[in-house]
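give me the fold of what follows.
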Amino acid sequence: MATDKSKQLETLLKFEQSKEELAANTLRSAENDYQQNIIRLQSVADYRLEYMKRLSQRSSVGLDSATYNHYHAFISKLDYASEQVRIAMEQAKALVEQSKQLWFKQKQKVQAVEMLAEKRNLALAQIENKKEQSMFDEIATQQFLRRRANN
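Next up, the predicted model:
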């Protein structure tokens with residue numbers, strides 16, 4: 001019976017640890033996605049800046065209205081893309097926070113099961129020690145009684 005409960009705790013611990021590992025992987029994935037969105041946002045901003053420099057250079061030597069409209073339309077598309085990446089980045093950041101909370105809760109569950117298993121093992125060890133002490137006491141008593149009977 002004692003080993004059944006220990007095995008149940010072991011099984012529960014393995015199950016909770018696997019859920020913790022899954023939560024940790026989800027968190028790592030969410031953090032990676034967030035970092036990728038930061039890089040994308042920076043890339044779009046850098047490209048927009050480069051395009052603005054080109055427009056400025058072209059404007060200094062003269063620019064027809066069709067070319068200016070083309071530049072302006074493309075910059076507007078870059079602004080739109082930047083806003084879309086910013087939205088994705090905020091969503092990814094929220095997912096990171098949510099994943100972090102889930103991972104932390106799961107980690108607490110694992111720690112609780114580990115503590116329960118440790119207490120269970122300690123209780124079993126104490127029971128075993130008491131049995132062993134009783135056996136030694138019985139042996140000592142028997143030896144004492146034999147010596148007394150022989151004397």
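
average pLDDT for the lengthiest helix in the chain, rounded please.
Residue-count comparison of every helix in the chain, with assignments taken from DSSP state H, identifies helix 65-150 as the longest. For helix 65-150, mean pLDDT rounds to 92.

which other helices and strands contact that helix?
Applying 3 or more Cβ pairs under 8 Å, 6 or more residues apart in numbering; DSSP states H and E, one finds that helix 65-150 makes contact with helix 2-61. From N, CA and C alone the C-beta is placed, and that goes for glycine too.

so what does the helix it packs on touch, helix or strand wise?
For helix 2-61, the packing partners by 3+ Cβ pairs under 8 Å, 6+ apart come out as helix 65-150.

just how off-centre is the longest helix of the chain within its chain?
If you compare the mean C-alpha spot of helix 65-150 with that of the full chain, they lie 9 Å apart, counting by Cα atoms, centre = their mean, to the nearest Å.

ok and that helix relative to helix 2-61, angle-wise?
Counting by axes from the mean of the first three to the mean of the last three Cα atoms, to 10 degrees, helix 65-150 points 160 degrees away from the direction of helix 2-61.

what pLDDT does the model give Met1?
Per-residue confidence for Met1 comes out at a pLDDT of 55.

equivalent analysis for Ser60, please.
The confidence metric pLDDT takes the value 85 at Ser60.

burial count for it?
In terms of burial, Ser60 registers 8 neighbours under the definition other Cβ atoms under 10 Å.

likewise Ala66?
Taking other Cβ under 10 Å as the definition, Ala66 ends up with a neighbour count of 8.

separation between it and Ala73?
Computed with Cβ to Cβ, to the nearest Å, the distance linking Ala66 and Ala73 is 11 Å.

same question for Arg147.
When Cβ to Cβ is the yardstick, Arg147 and Ala73 sit 109 Å from each other.

and Glu20, by the same measure?
For Glu20, the distance to Ala73 equals 50 Å [Cβ to Cβ].

so for these two, which residue has more residues nearby?
Between Glu20 and Ala73, counting by other Cβ under 10 Å, Glu20 is the more crowded of the two (20 against 10).

which one is the residue nearest in space to the middle of the chain nearest to, not counting chain neighbours?
In the chain, the residue lying closest to the centroid (Cα atoms, centre = their mean) is Ala24, at 2.6 Å. Residue nearest to Ala24 in three dimensions, not counting chain neighbours: Trp103, with 5.6 Å by Cβ to Cβ, 6 or more residues apart in numbering.

since that was my last question, I'll sign off now.
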